[in-house]
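Chemist: Curious how this folds, go ahead:
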Amino acid sequence: MDIEMANHTVFNMDNDEHIIEDINGFWEANSESESESSLDDFEHKWSQKKNETSNTKLSFRKLKRKVQKQYDMNIVHKYSTALDVFVRYIQCYHILYSEASYHCNYKLNLFMLPCMFLSTSCSVMTSFKFKGFRETLMLSALNGVITFLLAIINYLKLDANAEAHKISAYQYSKLKAHIEFSSGEVLLHDNDPFLGNNYYISEQIKQWEKHNQTFFDTKEDFEKERSRKYDELVSLKSQKEKLFIEKVEKIMVGIKESLKNIEDNNHFALPQHIIDKYSTIYNMNIFLYIKSIDTYKNVLLNELRNVKNEIRFYTKSYKQNNECEMEQSTKKKFQDLYAQKNHLLRDFFELNKGYTLIDSMLQQEIENIELYKRFWYLFYIQNIIYFCHACCGCFHSFHILPAGYKPSTHIGHKDENNVYLLDKVLDH
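Modeler: Just a heads-up that it's a prediction; the model follows:
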């Protein structure tokens, strides 16, 4: 057992059991070797090189490759989850246009209902024969009001606005259902072992070695045939992945065309107060969020590499000095390094579910919108409380917002400073 794993057992650093299991299962067991045990680098070669590379510094490239091999989702789940994020994103726009349609209909009704009432009244009043000037003037004024209200409706194009936004909301709803079905269709490819199992080729190679090792006279023939078998499996996997990606690309092209048609068929802008009310959704660039998560994952990997190299440095020094008992300062340094390492791993494992985090953020934003509709008065009172706090420092921790409401970026776990992971990603 290498010295890092032994020290980890002695110190018993982190109480987070699932993180410890991940570390013990992979990180610590292989922390002193940089051989990748990858598909092109088989187990027997890895075992031979293990001792030779035990004291080398860990590079970012090797660490990233090791992490991707061990913890990345397979290609099926990755693309299916990406489509699920699009479903939530389209749902947000469905809400936007539904709200816009409701707003335009509301304004239309404010003008049309009085018009209908006054028009009916005028129709009834014309059956009477008015001889006085006042009655005739009143009837003319009512007709003038009706004409004026109808002119306002025509000028503001309230009827066309409401209908266009209603059609857009309906088309977004249809597109959402289509993407949900496509996501399920993509997920069916998980039954293909080449696409659903990242370790399928290595497992097949091991099975081939087990059943064919005795059939070859020389080691060179065995190695040559194994390489041929490996190339054959890799080629087959590449073909399947290419067909799968082409299918996903067709789905994305269909989504793109649908979105273009929705925009082309609706020439009316969303009302400004709808944009202000749902500014988070309207201004959201979902691809920027995805890139931000990937960038922050690289930052975490770089910090993790530095921590692991520092652990190796102290481990090597401890072994070279042949100390019987570790000094308290060195032990404390190991404890701090392992604690830092566990925090980095926890953040990385959380960010590895990047699409799920974005989906949760969009879902929380939708929930916040629904809560605002139902409890709008509480939000006004809370704003008054915030204003009083800004003026005199009172009501510091007094909150009356409904349960379930929180900023949409408060997703993931919090660090020791109560900062949410997604906030750290977006602020980086």
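Chemist: gap between F349 and R65?
Modeler: Distance from F349 to R65, counting by CB to CB, to the nearest Å: 17 Å. In short, each C-beta sits where N, CA and C put it, glycine included.
Chemist: just F348 next, same as before
Modeler: Distance of F348 to R65, computed by CB to CB: 14 Å.
Chemist: now E263
Modeler: E263 is 41 Å from R65, by CB to CB.
Chemist: Over to Q272?
Modeler: 50 Å.
Chemist: okay, these two: which has more neighbours?
Modeler: Between Q272 and R65, R65 has the larger neighbour count (other CB atoms under 10 Å), namely 14 against 8.
Chemist: in the strand or helix carrying the more buried one, what's buried?
Modeler: Assessed by DSSP states H and E, R65 sits inside helix 60-71. Within helix 60-71, the residues that qualify as buried are 62-64, 66-67, 69, counting by 16 or more other CB atoms under 10 Å.
Chemist: same question, stretch 230-240
Modeler: Within stretch 230-240, the residues that count as buried by 16+ other CB under 10 Å are 230, 233, 237, 240.
Chemist: How many neighbouring residues does the residue lying closest to the third one once chain neighbours are set aside have?
Modeler: If I follow you right, that is K237. Nearest residue to K237, sequence neighbours excluded (CB to CB, 6 or more residues apart in numbering): F194, at 4.6 Å. When counting by other CB under 10 Å, one arrives at 21 neighbours for F194.
Chemist: So which elements touch the helix or strand harbouring F194?
Modeler: Per DSSP H and E, F194 falls inside helix 193-196. Packing contacts for helix 193-196, counted by 3 or more CB pairs under 8 Å, 6 or more residues apart in numbering; DSSP states H and E, involve helix 75-125, helix 200-212, helix 219-265.
Chemist: so which of the ones you listed comes closest to I384?
Modeler: Closest of the helices and strands packed on helix 193-196 to I384 is helix 75-125, at 25.0 Å (criterion: CB to CB).
Chemist: Neighbours of L378, how many?
Modeler: Neighbour count of L378, defined by other CB under 10 Å: 16.
Chemist: Would you agree it falls within a helix?
Modeler: Yes: under DSSP: H, G, I helix; E, B strand; the rest coil, L378 sits within a helix.
Chemist: quick one: it from F398, how far?
Modeler: Distance from L378 to F398, by CB to CB: 12 Å.
Chemist: Helices along the stretch 251-400 of the chain, start to end?
Modeler: For the stretch 251-400 of the chain, the helices defined by DSSP state H, counting those that start in this stretch occupy 272-277, 279-282, 286-321, 328-351, 354-374, 376-392.
Chemist: Averaged pLDDT, the third one. What do you get?
Modeler: It stands for helix 286-321. Mean pLDDT, computed over helix 286-321, is 85.
Chemist: With the last one instead?
Modeler: On average, the pLDDT along helix 376-392 is 81.
Chemist: Distance check, Q364 against G404.
Modeler: According to CB to CB, Q364 and G404 sit 9 Å apart.
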